[in-house]
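In: How does the following fold in three dimensions:
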Amino acid sequence: MTGPLHGLRVVELAGIGPAPFGAMLLADLGADVVRVDRIGPGSPISGDPRADLLNRGKRSIAVDLKQPAGAATVLALAGRADALIEGWRPGVAERLGVGPSQALARNPRLVYGRMTGWGQDGPLARRAGHDIGYIALAGALHSIGRSGGPPQVPLNLVGDFGGGSLYLVVGLLAALREAARSGRGQVVDAAIVDGVAHLTTMFSGLLAGGGWRAERGGNLLDTGAPFYDVYETADGEHMVVGALEPRFFAEFLRLLGLPADEDAARHDPGRWPELRRQIAAAFATRSRAQWWAVFSDSDACVAPVLSLAEAPHDAHLSARGTFTERYDVRQPSPAPRFSATPAELGGPPPVPGQHTDEILADWGVPAATMGAR
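Out: Alright, predicted model coming up:
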């Protein structure tokens, strides 16, 4: 592995969703990520593990955490690691003997990252949940959707991966810097509700300053404005418009073929319904490809809506290498990019336990502690 995190050792206690994504990001950037997969009853593994791209670049050791020797193996790894990640409900790691107190007793410099939806404390801390509930409670979901309609679910990008994984990684890296300075590790409590709430900071300010209304679909960035919205094309596909600034909006009007005097409508919300109708009617006259040919070389802030299958073949993304072909799968490349220490994808997603012997040897864990296979 190469990358800016080359040499960093991370133990990931296997789970699903945001914790594996955060560990994948660290692996993408060069960290040596050892995923501890559970064996025996209660294993979270299902389906073909070789197809789980969230485990790319990692190595796997299989451990029976129901046995004392299994916990001993994890603690032995933690003793040689820089960071540990777990995404279980509060109290689970402690019951298995691999919680923060046990791990930090073995390695005082360890950064112990805990990824949950509700957090380690509070009335809901021990309740089950998923992305959609976290973003609902944190106030984000309410504003996503059109006026007169229900909130729209933005996949699990805002909660699990935005407010969860990315905040976990930021917290880990910040705590690792502190550990390098002071020699003292700590626990990072990365709760999705906290991260999602933090993501809405700008809107809290707008709401307090009178620049945002609580009603869904009536604001500048929530489809309330006709110049920040999605429009259907003649072939049933869609284009997006984000022409917020006056000069970009003027360019948009010119290329769409609408009169320049419609610029006045941009500043008059009372005229937005008619402006929206005109924009929709214009987009309906050509296909998505035809409109992209019109707008692609402009500052009108217009783009085509591409599917997950189409995006890798876009000319801009292809030129940047935003997607790459590895393990016979087209997938996103590591991000962000670094000028001096470029990141490269590691090996394919492993089968649980694939690297057990290799990891024990590399990390200097005595085979006698095993409980692993």
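In: Mind jotting down where the helices sit in the stretch 1-150 of the chain?
Out: 18-28, 68-78, 92-95, 100-106, 131-137 (DSSP state H, counting those that start in this stretch).
In: now, of those, which is deepest in the fold?
Out: Across the helices of the stretch 1-150 of the chain, averaging neighbours per residue (mean count of other CB atoms under 10 Å) puts helix 18-28 on top, at a mean of 26. For glycine as for every other residue, the C-beta is placed from the backbone atoms N, C-alpha and C.
In: which residues touch that helix?
Out: 1, 3, 5, 8, 10, 12-14, 33, 35, 52-58, 83, 85-87, 113, 115, 160-161, 164-166, 168-169, 172, 192, 334-335, 343, 345-346 (CB atoms under 8 Å, 6 or more residues apart in numbering).
In: Past the biggest helix by length in the chain, which element shows up next along the chain?
Out: Using DSSP state H to define each element, the chain has its longest helix at helix 166-182. Going down the chain from helix 166-182, the next helix or strand is strand 186-191, by DSSP states H and E.
In: Mind listing the strands that following strand pairs with, and their directions?
Out: strand 111-116 (parallel) (DSSP bridges).
In: Could you tell me the average pLDDT over the partner strand, please?
Out: Per-region confidence: strand 111-116 scores 98 on mean pLDDT.
In: ok, the nearest residue to Val98 once chain neighbours are set aside - contacts?
Out: Excluding its sequence neighbours, the residue lying closest to Val98 (CB to CB, 6 or more residues apart in numbering) is Val74, at 4.6 Å. By CB under 8 Å, 6+ apart, Val74 lies in contact with Val11, Leu13, Val36, Val63, Leu65, Val98.
In: If we use 10 Å, what do you get?
Out: Counting by CB atoms under 10 Å, 6 or more residues apart in numbering, Val74 makes contact with 11, 13, 34, 36, 61, 63, 65, 81, 84, 86, 93, 96-98, 102-103, 106, 365, 369, 371-372.
In: same question, Thr116
Out: 18-19, 86-90, 124-126, 129, 134, 164, 168, 189-194.
In: just the buried members of the residues you listed?
Out: Using 16 or more other CB atoms under 10 Å as the burial test, those include 18-19, 86-88, 90, 124, 129, 134, 164, 168, 189-194 as buried.
In: ok, back up a step: list the buried residues in the longest helix of the chain.
Out: In helix 166-182, counting by 16+ other CB under 10 Å, buried: Leu166, Tyr167, Leu168, Val169, Gly171, Leu172, Leu173, Ala175, Leu176, Ala179.
In: Arrange these in TSV, one row each, with pLDDT and distance to Ile144 as further columns.
Out: TSV is the format used below for the buried residues of helix 166-182 (pLDDT from 0 to 100; distance: CB to CB, whole Å):
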residue	pLDDT	distance to Ile144
Leu166	98	18
Tyr167	98	19
Leu168	98	23
Val169	98	24
Gly171	98	25
Leu172	98	28
Leu173	98	29
Ala175	98	32
Leu176	98	34
Ala179	98	38
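In: Please determine how far the closest residue to Leu96 other than its chain neighbours is located from Thr73.
Out: Among residues not flanking Leu96 along the chain, Leu65 sits closest, at 4.8 Å (CB to CB, 6+ apart). Separation of Leu65 from Thr73 (CB to CB, to the nearest Å): 9 Å.
In: quick one: Leu13 from Trp88, how far?
Out: Remark: distance between Leu13 and Trp88 (CB to CB) = 7 Å.
In: Could you name every residue contacting both of the two?
Out: Both Leu13 and Trp88 are contacted by Ala19, Leu96, Val98, under the criterion CB under 10 Å, 6+ apart.
In: which residue sits closest to Ala62, ignoring its sequence neighbours?
Out: Ala62's closest residue in space is Gly353 (CB to CB, 6+ apart), at 3.0 Å.
In: Please report the number of neighbouring residues for the one you found.
Out: A count of nearby residues for Gly353, using other CB atoms under 10 Å, gives 17.
In: for Asp235, same thing?
Out: Asp235: 12 neighbours (other CB under 10 Å).
In: and Val98, what does it touch?
Out: 11, 13, 36, 63, 65, 70-75, 77-78, 84, 86, 88, 92, 106, 112.
In: ok, back up a step: nearest to Arg184 among the shared contacts of Leu13 and Trp88?
Out: Using CB to CB, Val98 is the member of the shared contacts of Leu13 and Trp88 that sits closest to Arg184, with 20.1 Å.
In: In terms of pLDDT, where does that closest one sit?
Out: 97.
In: so where is the protein shaky, pLDDT-wise?
Out: Scanning the chain for pLDDT under 70 picks out the ranges 1, 40-47, 367-373.
In: In contact with Asp299, which residues?
Out: Neighbouring residues of Asp299 by CB under 10 Å, 6+ apart: Ala243, Glu245, Arg247, Phe248, Ala250, Glu251, Phe252, Leu255.
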